[in-house]
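need a 3D model of the following:
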Amino acid sequence: MRVAVMTAGSRGDIAPYTGLAHGLAKAGHRVTVATHGSFGPLVKATGVDFHPLPVDPRAELESGRGRALHDSASGPGKILRLVGMARALVGDMVPPLVEVARANDVLLLSSSLAPLGHAIGQCLGVPTMGVFLQPLHATREFGPSVLGGRSWGPVGNKLAGRMVSGAVDQVFADAVRTTVREVFALPRGTARTAGHRARERHRWPVHHGFSPLVVPRPDDWRSGLTVSGYWWPYDTPDAQLPPHVRQFLDAGPPPVFVGLGSATVPEPRRTTTLVVRALRAAGLRGVLQRGWAGLGTDAGTDRNGTHEDVLTIDEIPHALLFPKMAAVVHHCGAGTTAAGLRAGVPAVPVPIQFDGGFWAARLSTLGVAPDPVPLRRLTSDRLAAALTVATRRPSHARRATELATKLREEDGVAPVLAAIERLAARQ
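Below is the predicted model of the structure:
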């Protein structure tokens, strides 16, 4: 079959789908990944087709309205700002998404494009499925993951989950109406069949790219919501660590990785200074990833960004780097959380926004990390204390190793592949 994977967002919203796409292509399907043009090299390395979407997510996060996300201390406040930003951008994605949909037999939709992709699929008569990286359906068991997973009790959690789903629909409302009326010239009421309630009524299938060992499937979820297992980002078979990284690793004991992924911070230099002080106070070497936050010990380094005890790096596959770390300090995005669990090393959660708080709490509950240290409350003393616990409490390393062994036995692609092949058998 011709399969399109549609996703939008930051690198962490794209990389897992490279593994999913590669797995589907390996099984004999013709796969196209539609996402932002800046991620073209990441997708093309898998050998599947690539279709660019407009919008540069990094530029948007570094813009004035993107940096305004830091002005909101609460999860709901950040969500409202993000909704406003996304509504202004999503309309530009309609034409390329329609073009991709016309050329494929089934559409696999990330949560970031689900309402729009589902509407396009309905208009064209092309089957669609959700492929989500977070648990987004309302449940009594925990609060919405994009609000940090805070619990308001069983009834409050369910209500909050439904409210978040409604807010997401509003992001796409104008684009869906435009698609239905102008692109396909269909009746006004057709747009209402693309919303969250309509998808739930028809038990729209959604596969989730995380392990049930990390987030067990909620007991009150309806049928059609599957926890499939992780989709690991695709890395080329010949991928290796750069020589200067190997040299740094060989020069001393395992260091600690520190990276904030695609998150941005208001004061990168101050954050870097704080991190380096914490590493030294804990007696640890460090590998700092610049990322979108712009971390980096530039002053007084050699041309490879190296101090005697700290190395600054750019993008390196987590699967190559993380297993060689004593611990990983990260913002708890879904992808980085998964990579740390796969590597079998302890974590120090530093959640920043959206689902970071949810995954941070999961890491602590699983016993692979100390209590989270949110960025807003981060100090060198608190980080040093958390680093000391993560690297010197044997239970964290033991539990991380045990969980990683089990995760590596799972095949998250297989349930999605089976669902696609059931669709093929019916056509």
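
the longest helix in this protein is where?
Taking DSSP state H as the criterion, the chain has its longest helix at helix 153-178.

what's that helix packed up against?
Helices and strands touching helix 153-178, by 3 or more C-beta pairs under 8 Å, 6 or more residues apart in numbering; DSSP states H and E, are helix 75-87, helix 114-124, helix 196-201. Where you see a C-beta, it was placed from the backbone N, CA and C, and this is true even at glycine.

poorly predicted segments of the stretch 201-350 of the chain, please.
For the stretch 201-350 of the chain, applying pLDDT under 70 flags the ranges 297-307.

hmm, 50 instead?
299-303, 305 (pLDDT under 50).

could you pull out the strands for it?
206-208, 225-227, 256-259, 286-289, 310-313, 327-330, 347-349 (DSSP state E, counting those that start in this stretch).

now for the fifth one, which elements pack on it?
Read it as strand 310-313. helix 243-250, strand 286-289.

what comes up buried for the longest one?
In this case it means helix 243-250. By 16 or more other C-beta atoms under 10 Å, the buried positions in helix 243-250 come out as 245, 248, 249.

adding distance to residue 292, write the residues you listed out as a markdown table.
Formatted as a markdown table, the buried residues of helix 243-250 follow (distance: C-beta to C-beta, whole Å):
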| residue | distance to residue 292 |
| --- | --- |
| 245 | 20 |
| 248 | 23 |
| 249 | 24 |
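
ok, so of the residues you listed, who is nearest residue 308?
Set against residue 308, the nearest of the buried residues of helix 243-250 by C-beta to C-beta is residue 248 (9.9 Å).

hey, C-alpha coordinates of stretch 11-26 in PDB?
This file holds the C-alpha atoms of stretch 11-26, laid out as PDB (Å, rounded to 0.1, in the frame of the first residue of the first chain):
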ATOM      1  CA  ARG A  11      12.500  17.300  16.100                       C
ATOM      2  CA  GLY A  12      11.100  15.100  18.900                       C
ATOM      3  CA  ASP A  13       7.700  15.100  17.100                       C
ATOM      4  CA  ILE A  14       9.400  13.900  13.900                       C
ATOM      5  CA  ALA A  15      12.300  11.500  14.800                       C
ATOM      6  CA  PRO A  16      10.100   8.500  16.100                       C
ATOM      7  CA  TYR A  17       8.200   8.500  12.900                       C
ATOM      8  CA  THR A  18      11.400   7.800  10.900                       C
ATOM      9  CA  GLY A  19      11.600   4.500  12.700                       C
ATOM     10  CA  LEU A  20       8.000   3.700  12.100                       C
ATOM     11  CA  ALA A  21       8.200   4.700   8.400                       C
ATOM     12  CA  HIS A  22      11.400   2.600   7.900                       C
ATOM     13  CA  GLY A  23       9.700  -0.400   9.500                       C
ATOM     14  CA  LEU A  24       6.600  -0.100   7.200                       C
ATOM     15  CA  ALA A  25       8.800   0.400   4.100                       C
ATOM     16  CA  LYS A  26      10.900  -2.700   5.100                       C
END
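
contact partners of it?
3, 5, 7, 31, 33, 35-36, 39, 42-43, 45-48, 108, 110, 112, 131, 133, 209, 230-234, 261-262, 333-336, 338, 412-413, 416-417, 420 (C-beta atoms under 8 Å, 6 or more residues apart in numbering).

and if you look at stretch 402-413?
Here stretch 402-413 has contacts from 19-20, 23-24, 209, 211, 213-214, 228-232, 341-344, 366, 368, using C-beta under 8 Å, 6+ apart.

contact partners for the closest residue to residue 242 other than its chain neighbours?
Nearest non-adjacent residue to residue 242, counting by C-beta to C-beta, 6 or more residues apart in numbering: residue 316, 7.2 Å away. Taking C-beta under 8 Å, 6+ apart, we find residue 316 in contact with 241, 242, 245, 289.

could you give the number of residues near the last one?
Applying other C-beta atoms under 10 Å, we find 23 other residues in the vicinity of residue 289.

going forward, the N-terminal residue is numbered 2.
All right, first residue 2 from here; so that's residue 290.

bridging residues for it?
Using DSSP bridges, the bridge partners assigned to residue 290 are residue 314.

roughly how far does it sit from residue 259?
7 Å (C-beta to C-beta, to the nearest Å).

what sits in contact with each of these two?
Common contacts of residue 290 and residue 259 (C-beta under 8 Å, 6+ apart): residue 296.

nearest to residue 127, of the helices and strands packed on strand 311-314?
strand 287-290 (38.7 Å).

what packs against that closest one?
Partner elements for strand 287-290 (3+ C-beta pairs under 8 Å, 6+ apart): strand 257-260, helix 269-282, strand 311-314.

make it 6 Å
With contacts taken as 3 or more C-beta pairs under 6 Å, 6 or more residues apart in numbering; DSSP states H and E, strand 287-290 sits against strand 257-260, strand 311-314.

which elements pack onto the first one?
It stands for strand 257-260. Secondary elements touching strand 257-260 (3+ C-beta pairs under 6 Å, 6+ apart): strand 287-290, strand 328-331.

let's see 10 Å
helix 269-282, strand 287-290, strand 311-314, helix 319-322, strand 328-331, helix 335-344, strand 348-350, helix 381-393 (3 or more C-beta pairs under 10 Å, 6 or more residues apart in numbering; DSSP states H and E).

for these, which one sits closest to residue 402?
helix 335-344 (9.8 Å).

and the pLDDT at residue 62?
pLDDT for residue 62: 60.

one more: residue 75?
With respect to pLDDT, residue 75 has a value of 48.

low-confidence regions, the stretch 2-151 of the chain specifically.
Ranges of the stretch 2-151 of the chain meeting pLDDT under 50: 73, 75-76.

in stretch 362-369, what counts as buried?
Result for stretch 362-369 [16+ other C-beta under 10 Å]: buried residues 362, 363, 364, 365, 367, 368, 369.

dump the residues you listed into a markdown table; add pLDDT, distance to residue 103 and secondary structure as well.
As requested, the buried residues of stretch 362-369 are exported to a markdown table (pLDDT from 0 to 100; distance: C-beta to C-beta, whole Å; DSSP: H, G, I helix; E, B strand; the rest coil):
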| residue | pLDDT | distance to residue 103 | secondary structure |
| --- | --- | --- | --- |
| 362 | 96 | 42 | helix |
| 363 | 97 | 39 | helix |
| 364 | 97 | 42 | helix |
| 365 | 97 | 46 | helix |
| 367 | 97 | 43 | helix |
| 368 | 97 | 48 | coil |
| 369 | 98 | 45 | coil |
